[in-house]
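[1] show me how the following folds:
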Amino acid sequence: MSIDFEDWDVDLKKLSATHSCGFTLTIEGSVRNPSVVHPGPFPKHLSALDQVRLLRHGVEAISKAGREDSSFRDAPSNRRYDRSNSSPKVVKKPSTTIKSNRAKKPILSLKKKSSEKQPAEE
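    Below is the predicted model of the structure:
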(Lines give C-alpha, C1' and ligand atoms only; values in the text may rest on other atoms or scores of the structure.)
Protein backbone atom coordinates (compact mmCIF):
# COMPACT_ATOMS: atom_id res chain seq x y z
CA MET A 1 0.00 0.00 0.00
CA SER A 2 1.50 3.32 -1.07
CA ILE A 3 1.22 6.37 1.16
CA ASP A 4 1.69 10.04 0.29
CA PHE A 5 4.06 11.33 2.96
CA GLU A 6 3.50 14.95 1.93
CA ASP A 7 -0.28 15.05 2.63
CA TRP A 8 -0.46 16.93 5.95
CA ASP A 9 -3.04 19.24 7.55
CA VAL A 10 -1.12 21.57 9.89
CA ASP A 11 -2.65 23.53 12.80
CA LEU A 12 -0.09 26.08 14.04
CA LYS A 13 -2.28 27.25 16.93
CA LYS A 14 -2.24 23.74 18.41
CA LEU A 15 1.28 23.01 17.12
CA SER A 16 0.03 19.79 15.57
CA ALA A 17 -0.22 18.09 12.20
CA THR A 18 -2.59 15.37 10.97
CA HIS A 19 -1.83 13.10 8.03
CA SER A 20 -4.51 11.86 5.63
CA CYS A 21 -4.10 8.32 7.07
CA GLY A 22 -5.19 9.62 10.51
CA PHE A 23 -1.75 9.84 12.15
CA THR A 24 -1.39 12.95 14.34
CA LEU A 25 1.66 14.47 15.96
CA THR A 26 2.05 17.40 18.32
CA ILE A 27 5.19 19.37 19.12
CA GLU A 28 6.33 21.49 22.04
CA GLY A 29 8.68 24.43 21.73
CA SER A 30 9.44 26.31 18.56
CA VAL A 31 8.09 25.16 15.19
CA ARG A 32 11.55 25.70 13.74
CA ASN A 33 13.31 23.76 16.48
CA PRO A 34 10.87 21.66 18.54
CA SER A 35 12.05 20.50 21.93
CA VAL A 36 9.55 17.62 22.21
CA VAL A 37 7.57 15.66 19.61
CA HIS A 38 4.51 13.65 20.69
CA PRO A 39 3.53 11.16 17.97
CA GLY A 40 0.12 9.57 18.05
CA PRO A 41 -0.51 5.89 17.30
CA PHE A 42 0.80 4.83 13.91
CA PRO A 43 -1.40 3.04 11.36
CA LYS A 44 -0.96 -0.72 11.73
CA HIS A 45 -0.13 -1.33 8.07
CA LEU A 46 3.05 0.81 8.14
CA SER A 47 6.50 -0.71 8.49
CA ALA A 48 8.96 0.74 11.02
CA LEU A 49 10.81 2.53 8.22
CA ASP A 50 7.59 4.12 6.94
CA GLN A 51 6.66 5.16 10.50
CA VAL A 52 9.95 7.02 10.89
CA ARG A 53 9.55 8.60 7.47
CA LEU A 54 5.99 9.70 8.29
CA LEU A 55 7.14 11.23 11.58
CA ARG A 56 10.02 13.10 9.90
CA HIS A 57 7.74 14.47 7.15
CA GLY A 58 5.20 15.56 9.78
CA VAL A 59 7.76 17.58 11.75
CA GLU A 60 9.04 19.09 8.49
CA ALA A 61 5.45 20.01 7.49
CA ILE A 62 4.93 21.90 10.77
CA SER A 63 8.26 23.68 10.38
CA LYS A 64 7.52 24.61 6.77
CA ALA A 65 4.06 25.93 7.66
CA GLY A 66 5.57 28.07 10.43
CA ARG A 67 8.11 29.59 8.02
CA GLU A 68 5.52 30.27 5.30
CA ASP A 69 2.88 31.82 7.57
CA SER A 70 4.04 35.41 8.07
CA SER A 71 1.32 36.07 10.67
CA PHE A 72 2.53 33.20 12.85
CA ARG A 73 5.20 33.84 15.39
CA ASP A 74 6.30 31.47 18.08
CA ALA A 75 4.65 32.45 21.31
CA PRO A 76 7.14 33.57 23.97
CA SER A 77 6.08 30.62 26.12
CA ASN A 78 6.95 28.27 23.26
CA ARG A 79 10.37 29.71 22.57
CA ARG A 80 13.44 28.13 23.97
CA TYR A 81 15.37 30.23 26.45
CA ASP A 82 17.72 32.54 24.57
CA ARG A 83 20.82 33.40 26.61
CA SER A 84 22.08 36.03 24.18
CA ASN A 85 19.59 38.65 25.42
CA SER A 86 20.06 38.05 29.13
CA SER A 87 22.69 39.76 31.22
CA PRO A 88 24.98 37.70 33.42
CA LYS A 89 23.74 37.37 36.98
CA VAL A 90 25.94 37.66 40.01
CA VAL A 91 25.66 34.65 42.25
CA LYS A 92 26.79 35.06 45.82
CA LYS A 93 29.09 32.38 47.07
CA PRO A 94 27.65 30.65 50.13
CA SER A 95 29.45 31.45 53.33
CA THR A 96 31.88 28.77 54.39
CA THR A 97 32.21 27.35 57.84
CA ILE A 98 35.60 27.75 59.46
CA LYS A 99 37.11 24.43 60.47
CA SER A 100 37.64 25.51 64.06
CA ASN A 101 33.89 26.07 64.48
CA ARG A 102 33.02 22.56 63.36
CA ALA A 103 32.30 19.92 65.93
CA LYS A 104 34.91 17.20 66.21
CA LYS A 105 33.53 14.03 64.71
CA PRO A 106 35.08 10.65 65.22
CA ILE A 107 36.89 9.39 62.18
CA LEU A 108 35.44 6.25 60.71
CA SER A 109 38.08 3.97 59.27
CA LEU A 110 38.53 0.33 58.36
CA LYS A 111 42.23 0.47 59.06
CA LYS A 112 43.57 -0.92 62.30
CA LYS A 113 45.03 1.62 64.63
CA SER A 114 48.80 1.48 64.88
CA SER A 115 48.63 1.52 68.68
CA GLU A 116 46.85 -1.83 68.74
CA LYS A 117 49.22 -4.73 69.03
CA GLN A 118 48.68 -7.56 66.64
CA PRO A 119 48.82 -11.05 68.14
CA ALA A 120 51.97 -12.99 67.33
CA GLU A 121 51.54 -15.86 65.02
CA GLU A 122 52.37 -19.19 66.57
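[2] number of nearby residues for His57?
    Around His57 there are 18 other residues, counting by other Cβ atoms under 10 Å. (Glycine included, C-beta is placed from N, CA and C.)
[3] and what of Val90?
    Counted with other Cβ under 10 Å, Val90 comes out at 5.
[4] which stretches of the chain have low pLDDT?
    Scanning the chain with the threshold set as pLDDT under 70 gives 1, 70-89, 91-102, 115-122.
[5] which parts of it are helices?
    Applying DSSP state H to the chain gives helices spanning 48-68.
[6] which residue ranges of the chain form strands?
    Ranges of strands in the chain, per DSSP state E, are 8-11, 16-19, 24-29, 34-39.
[7] partner strands of the second one, parallel or antiparallel?
    Paired strands of strand 16-19, with direction, are strand 8-11 (antiparallel), strand 24-29 (antiparallel) (DSSP bridges).
[8] could I get these in a markdown table, plus columns for distance to Ala48 and mean neighbour count?
    A markdown table is the format used below for the strands paired with strand 16-19 (distance: least, Cβ to Cβ, whole Å; neighbours: other Cβ atoms under 10 Å):
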| stretch | distance to Ala48 | mean neighbour count |
| --- | --- | --- |
| strand 8-11 | 20 | 16 |
| strand 24-29 | 16 | 18 |
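[9] so which of the ones you listed is nearest Pro43?
    Shortest distance between Pro43 and those, using Cβ to Cβ, is found for strand 24-29: 11.2 Å.
[10] what does that closest one contact?
    14-18, 34-40, 55, 58-59, 62, 78-80 (Cβ atoms under 8 Å, 6 or more residues apart in numbering).
[11] buried members of those into ChimeraX, please.
    In ChimeraX, this line selects whichever of the contacts of strand 24-29 come out buried by 16 or more other Cβ atoms under 10 Å:
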select :15,16,17,18,34,55,58,59,62
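[12] can you put the strands of the chain in JSON lines and add distance to His45?
    As requested, the strands of the chain are exported to JSON lines (distance: least, Cβ to Cβ, whole Å):
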{"stretch": "strand 8-11", "distance to His45": "18"}
{"stretch": "strand 16-19", "distance to His45": "13"}
{"stretch": "strand 24-29", "distance to His45": "17"}
{"stretch": "strand 34-39", "distance to His45": "16"}
